[in-house]
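Student: Here is my input; please provide its structure:
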Amino acid sequence: MHAAAFLKSPPASAGPIAVLFGEEQFLKRAAFERLCRLMLGEDDERLGLTRFAGDQADLKTVCDELRTISMWGDRRIVMIDEADRFVSQNREGLEKYLQKPARNSVLVLDVKTWPKTTRLAKAVPKIGLEVECSPLSGNDLIRWLAETAKSAHGKSLNREAAGLIRELAGEDLGVLEQELAKLSAYVGDRPSIEVADVQALVGGWATETTWSIAAAIRRGETGEALDLLNQLLDAGESPHKILGGLTFVFRRLAQAVQLSGQGLSLDRALGEAGVFPRELGESAAYLRRLGRAEAQRISARLLEADTALKGALIISERQVLETLIVKLAGTSALSQRK
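Tutor: Purely as a prediction, here's the structure:
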């Protein structure tokens, strides 16, 4: 099972072995903490836990430790950190151990890769746990944000606010958890974290400047938008983060264009697409100024910039964002810069 599912609904028992595999260290740490609570209870001192470094551990010592009765309780965990090399060198020995494992001990293997074709990998799910700790993305990441906000901080988080957090802070779960903690403290006694809270807190000055760029684009003030962009880039702000903020705003306008083509009035389409009430008038005027043909290209403009930033750049990141601003503003050249 994936670590997100394991953390949400852990099994009653781990069995004699648990394998944590993948690259997402935040999920590995969280899954390991949950395993410790499952096996050792709320023992903060972890007296039933023994850890070995994977490049120094030998199988005999590990097995002896697993079979030794703890002085501090009837259950124990033996953890092998960075265990890829240990597993590859001791695969047959581990298979033999699992034929008659210690009854009250759990061997935890922390590995980056876990080939499912080996006899060891085939044996583990029959008697123990495999927990996949791969990065989350897309809907899975949005769901994780909402569930973590509720379970860890007691706050509700709607899809729009979660999407904005991801756009602005990236997809590193450790960073996202820190942002959720800050947002929860920021909203205080309020039961939910709203988009306005994310706008105000995540990213600070840089985020507020990104919203100002979007507003200038909507007003057709290309020169102001480009000047604000240069302020951000000169201050060291990530081009990917700037694009994330602009994408959050203009993706909704693109959705409104699509909805209006299905028969909705433009004002209603903007509301259905999630455009903020205070921005409805300016957004409607912007789309009318662009015209339907150009407005229908908004999604393509955003995708083109995203592809350029993620790929091998022929032009600079600054030029990618400048070009995007000019195109979104409906400006044919950079001549409007002040």
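
Student: Please identify which helix or strand holds the nearest residue to residue 320 once chain neighbours are set aside.
Tutor: Excluding the flanking residues, the one nearest residue 320 by CB to CB, 6 or more residues apart in numbering is residue 308, at 4.6 Å. The way it works is simple: take the backbone N, C-alpha and C, and place the C-beta from them, glycine included. Per DSSP states H and E: residue 308 is located in helix 298-310.

Student: list the buried ones in the helix or strand that that helix is followed by?
Tutor: Counting by DSSP H and E, the next helix or strand C-terminal to helix 298-310 is helix 317-328. For helix 317-328, a neighbour-count test (16 or more other CB atoms under 10 Å) marks 317, 320-328 as buried.

Student: same question, stretch 193-205
Tutor: Neighbour counts over stretch 193-205 (16+ other CB under 10 Å) mark 193-195, 197-199, 201-203 as buried.

Student: That stretch: how far from the chain's middle?
Tutor: 17 Å (CA atoms, centre = their mean, to the nearest Å).

Student: who does the helix holding residue 308 touch, helix- and strand-wise?
Tutor: helix 239-260, helix 317-328 (3 or more CB pairs under 8 Å, 6 or more residues apart in numbering; DSSP states H and E).

Student: which stretch in those helices has the least confidence?
Tutor: The minimum mean pLDDT among the helices and strands packed on helix 298-310 belongs to helix 239-260 (a mean of 90).

Student: Helix 317-328 and that helix, what's the angle between them?
Tutor: When axes from the mean of the first three to the mean of the last three CA atoms, to 10 degrees is applied, the directions of helix 239-260 and helix 317-328 differ by 20 degrees.

Student: buried stuff in the next helix-or-strand element following helix 239-260?
Tutor: Of the helices and strands lying after helix 239-260 in sequence (DSSP H and E), the nearest is helix 266-272. Within helix 266-272, the residues scored as buried using 16+ other CB under 10 Å are 266, 269-271.

Student: ok, now which ones touch residue 236?
Tutor: Counting by CB atoms under 8 Å, 6 or more residues apart in numbering, residue 236 touches no other residue.

Student: three-state assignment of it?
Tutor: Using DSSP: H, G, I helix; E, B strand; the rest coil, the structure places residue 236 in coil.

Student: what about residue 20, neighbour count?
Tutor: Neighbour count for residue 20, taken as other CB atoms under 10 Å: 26.

Student: Ok, residue 82 next?
Tutor: Count around residue 82 with other CB under 10 Å applied: 15.

Student: I'd say it and residue 56 touch.
Tutor: No: applying CB atoms under 8 Å, one finds residue 82 not in contact with residue 56, separated by 10.1 Å.

Student: what's the closest of the helices and strands packed on helix 298-310 to residue 226?
Tutor: Evaluated over the helices and strands packed on helix 298-310, closeness to residue 226 peaks at helix 317-328, with 6.0 Å, by CB to CB.

Student: now what about the closest one, what contacts it?
Tutor: When contacts are defined by CB under 8 Å, 6+ apart, helix 317-328 is touched by residues 213, 217, 222, 225-226, 229-230, 233, 239, 242-243, 246, 250, 297-298, 301-302, 304-305, 308-309, 313, 315, 332-334.

Student: The residues you listed, buried ones only, as a PyMOL selection?
Tutor: The following PyMOL line selects those of these that are buried, judged by 16+ other CB under 10 Å:
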select buried, resi 213+217+222+225+226+229+233+239+242+243+246+250+297+298+301+302+305+308+309
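
Student: Can you give me the distance of the residue positioned nearest the centre of the chain to residue 204?
Tutor: In the chain, the centroid-proximal residue (CA atoms, centre = their mean) is residue 171; its distance is 3.0 Å. Note on residue 171: its distance to residue 204, by CB to CB, to the nearest Å, is 20 Å.

Student: Repeat that for residue 197.
Tutor: As judged by CB to CB, residue 197 and residue 204 stand 13 Å apart.

Student: now the strands: where do they sit in the chain?
Tutor: If DSSP state E is used as the criterion, the strands of the chain fall at 17-21, 49-53, 76-81, 105-111, 129-132, 156-157, 192-193.

Student: Need the residues that contact the last one.
Tutor: Right, the one you point to is strand 192-193. Contact with strand 192-193 is made by 149, 155-158, 161, 180, 183-184, 187, as judged by CB under 8 Å, 6+ apart.

Student: same check, this time on the fifth one
Tutor: The contact list for strand 129-132, computed with CB under 8 Å, 6+ apart, reads 1-3, 6, 11, 14-15, 17-22, 31, 114, 121, 124.

Student: Quick check: ChimeraX command selecting the buried ones in those.
Tutor: Selection of buried members from the contacts of strand 129-132 for ChimeraX, criterion 16+ other CB under 10 Å:
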select :2,3,6,14,15,17,18,19,20,21,22,31,114,121,124
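
Student: which ones among the contacts of strand 129-132 are found in helices?
Tutor: Members of these lying in helices (criterion: DSSP state H): 3, 6, 31, 121, 124.

Student: In contact with the last one: list those residues for me.
Tutor: For residue 124, the contact set (CB under 8 Å, 6+ apart) comprises 17, 19, 98, 130.
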